[in-house]
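Trainee: need a 3D model of the sequence below.
(2 chains)
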2 protein chains.
Amino acid sequence: MDKIKKNHRPLILVTNDDGVEAKGIKALIEAVRPFGDIIAVAPDSAMSGMSHAITVSKPLYLTLVSSEEGLVVYKANGTPADCVKLALNELIEGRPDYVVSGINHGTNSSVSMHYSGTVAGAREGVFSGIPSIAFSLLDHDANADFSTAVQYARQLMRVVIENGMEAGVCYNVNIPAGSDVKGIKVCRQAKGIWTKEFDKRIDPRGRPYFWMTGRFESQESGVENTDEWALSRGYVSVVPFTIDATYQPAIEALQLQGVEEITESQLTQL
Amino acid sequence: MDKIKKNHRPLILVTNDDGVEAKGIKALIEAVRPFGDIIAVAPDSAMSGMSHAITVSKPLYLTLVSSEEGLVVYKANGTPADCVKLALNELIEGRPDYVVSGINHGTNSSVSMHYSGTVAGAREGVFSGIPSIAFSLLDHDANADFSTAVQYARQLMRVVIENGMEAGVCYNVNIPAGSDVKGIKVCRQAKGIWTKEFDKRIDPRGRPYFWMTGRFESQESGVENTDEWALSRGYVSVVPFTIDATYQPAIEALQLQGVEEITESQLTQL
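Mentor: Residues are numbered from 1 along each chain as shown, chains lettered A, B, ... in the order given. Purely as a prediction, here's the structure:
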């Protein structure tokens, strides 16, 4: 397997979590193809809800799916993060210029970004210092209409190519379903919670089992400038997020609580 | 399955990612047991590197492992996040007072927190508004010595019980191996990167395959007040992190780049 070398055009790495055959990754390739050469490395099966999981307990295989001028597609038996790692370590000579992930079939707004394999694929690119964007469409359907999403993804890609991205920062982009999209809002991640998360059933042997389901509830209904607010009004939401999750205000608070002054005698108490 | 009701003592939910049989979760139960009643729900097999993955494509089973006064242990065929969700939705009447996850066999400092099932177990607790802490020991060994880690975990738990935790914030605690631990430092997440991530081999049928491995490189060697710095000097690191990953400074930057002014005519270009 010879590594892929960059030519004079930008090299764009594409991944997703719905798998290499999903309509959404084909839409994303269509969206970014005008800007450079494409290498797509995507899971060979659906990896929704896999978050930033990596495969440590079984070997990974890379399989060439197709190759044409300016577009090479591989699949791997791993997660989105695995796919990006395989591409960066084993497939590409040097580094791609951009990583884009998606377009996901279904929303990844609010706290759902933490469960998202799509977001993780982009975050993994940021770990290696590469400008990276995650795209999701608010439509779970396998045959969802991505035509409007393609236009918005392309324009956001253009903005990133023109302006760059700050190191350590990733963009989480969610796009309303349908063609009546109002525009783009840059916003923060809404507070929200999943409730009623399981459908409990009894198996033929009488044992209870649980299917994950659940209902998302915004905890900031009507609060402006959140991704949920933008999406509910028909706007594309762009949430810039950082891979440094540190919450600085709590550092001083914890120090004031005496955490750093725990003594040896306290340690042996209880 | 009757739900577990709280009595007058605090109820502490314990999970991990190394599985219910791991030495680390037994150490964590030992550490927090003086503070309340314990319900442990942990994966039935090792789930290292599973990050915040949730199981959406197969049914989950909960199995009682043991029950004694003040300590009930369940296992589930899912991830750490699944285990916390199952406990909160299906096992506990009302809400536990705390969620603790670990003690992980191996470090979860710097960017590794994003791959960590242990950290995700605690983060999932924060999603439900519960003060939650992730604990990891810098020793991968299945028979690692957790005796010093137990003391520090207990003291940090005491601080959290006395002071509470800010909503939306989680603590990521890493503890040096060995007994010569110098104390505790509250710090930020260090910048770092994993390199040389795969061990490439050829299978008996001549196909290349890849085992994930890799070497962590700090990108802030010697920089003070990071978790890597604290751990390298023999201190326990406590990194408070937030589930709102939004990077505020980039919001204005993106607005200045004109992201919100993309026009319809631009959308149909290219």
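Trainee: name all residues that make contact with the residue nearest the centre of chain A.
Mentor: With distances taken as C-alpha atoms, centre = their mean, chain A has residue A:119 as the residue nearest its mean C-alpha position (1.2 Å). Shown here is residue A:119, whose contacts under the criterion C-beta atoms under 8 Å, 6 or more residues apart in numbering or on different chains are A:101, A:108, A:113, A:134, A:170, A:172. (Glycine included, C-beta is placed from N, CA and C.)
Trainee: partners of the helix or strand harbouring residue A:103 in the sheet?
Mentor: Using DSSP states H and E, residue A:103 falls within strand A:98-105. For strand A:98-105, the paired strands and their directions (DSSP bridges) read strand A:11-15 (parallel), strand A:132-137 (parallel).
Trainee: okay if I get those strands as JSON lines plus mean pLDDT and mean neighbour count?
Mentor: As requested, the strands paired with strand A:98-105 are arranged in JSON lines below (pLDDT from 0 to 100; neighbours: other C-beta atoms under 10 Å in any protein chain shown):
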{"stretch": "strand A:11-15", "mean pLDDT": "98", "mean neighbour count": "27"}
{"stretch": "strand A:132-137", "mean pLDDT": "98", "mean neighbour count": "30"}
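Trainee: for the stretch 151-270 of chain A, give me the ranges with low pLDDT.
Mentor: Low-confidence segments of the stretch 151-270 of chain A, defined by pLDDT under 70, are located at A:269-270.
Trainee: how does it look with 90?
Mentor: When residues are selected by pLDDT under 90, those of the stretch 151-270 of chain A lie in A:221-222, A:261-270.
Trainee: how about the strands in it?
Mentor: Per DSSP state E, counting those that start in this stretch, the stretch 151-270 of chain A carries strands over the ranges A:169-175, A:183-186, A:192-195, A:198-202, A:208-212, A:215-218, A:235-242.
Trainee: make JSON lines out of these and add distance to residue A:162 and mean neighbour count.
Mentor: As requested, the strands of the stretch 151-270 of chain A are exported to JSON lines (distance: least, C-beta to C-beta, whole Å; neighbours: other C-beta atoms under 10 Å in any protein chain shown):
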{"stretch": "strand A:169-175", "distance to residue A:162": "14", "mean neighbour count": "27"}
{"stretch": "strand A:183-186", "distance to residue A:162": "15", "mean neighbour count": "22"}
{"stretch": "strand A:192-195", "distance to residue A:162": "32", "mean neighbour count": "17"}
{"stretch": "strand A:198-202", "distance to residue A:162": "46", "mean neighbour count": "13"}
{"stretch": "strand A:208-212", "distance to residue A:162": "41", "mean neighbour count": "18"}
{"stretch": "strand A:215-218", "distance to residue A:162": "33", "mean neighbour count": "14"}
{"stretch": "strand A:235-242", "distance to residue A:162": "15", "mean neighbour count": "26"}
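Trainee: a markdown table for those, including distance to chain B?
Mentor: Putting those into a markdown table (distance: least, C-beta to the nearest C-beta, whole Å) gives the following:
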| stretch | distance to chain B |
| --- | --- |
| strand A:169-175 | 5 |
| strand A:183-186 | 5 |
| strand A:192-195 | 6 |
| strand A:198-202 | 5 |
| strand A:208-212 | 4 |
| strand A:215-218 | 11 |
| strand A:235-242 | 3 |
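Trainee: so residue A:220 sits against residue A:189, correct?
Mentor: No - with contacts counted by C-beta atoms under 8 Å, residue A:220 stays clear of residue A:189, the gap being 10.0 Å.
Trainee: who has more neighbours, these two?
Mentor: Set side by side, residue A:220 and residue A:189 show more neighbours around residue A:189, with 26 against 16, by other C-beta atoms under 10 Å in any protein chain shown.
Trainee: so who does that one touch?
Mentor: With contact set as C-beta under 8 Å, 6+ apart, residue A:189 has these partners: A:109-111, A:113, A:172, A:226-227, A:239, A:241, B:244-246.
Trainee: if you set the cut-off to 10 Å instead, what comes out?
Mentor: Counting by C-beta atoms under 10 Å, 6 or more residues apart in numbering or on different chains, residue A:189 makes contact with A:109-114, A:172, A:220, A:226-228, A:237, A:239-241, B:242-247.
Trainee: find the nearest non-adjacent residue to it, please.
Mentor: Spatial nearest neighbour of residue A:189, excluding adjacent residues (C-beta to C-beta, 6 or more residues apart in numbering or on different chains): residue B:246 at 4.8 Å.
Trainee: quickly list what that neighbour is bridged to.
Mentor: Beta-bridge pairing for residue B:246 (DSSP bridges): residue A:241.
Trainee: run a quick neighbour tally on it.
Mentor: Neighbouring residues of residue B:246 were enumerated by other C-beta under 10 Å; the total is 19.
Trainee: now distance to residue A:210 too, for the contacts of residue A:119, in JSON lines please.
Mentor: Converted to JSON lines, the contacts of residue A:119 look like this (distance: C-beta to C-beta, whole Å):
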{"residue": "A:101", "distance to residue A:210": "29"}
{"residue": "A:108", "distance to residue A:210": "23"}
{"residue": "A:113", "distance to residue A:210": "24"}
{"residue": "A:134", "distance to residue A:210": "28"}
{"residue": "A:170", "distance to residue A:210": "32"}
{"residue": "A:172", "distance to residue A:210": "29"}
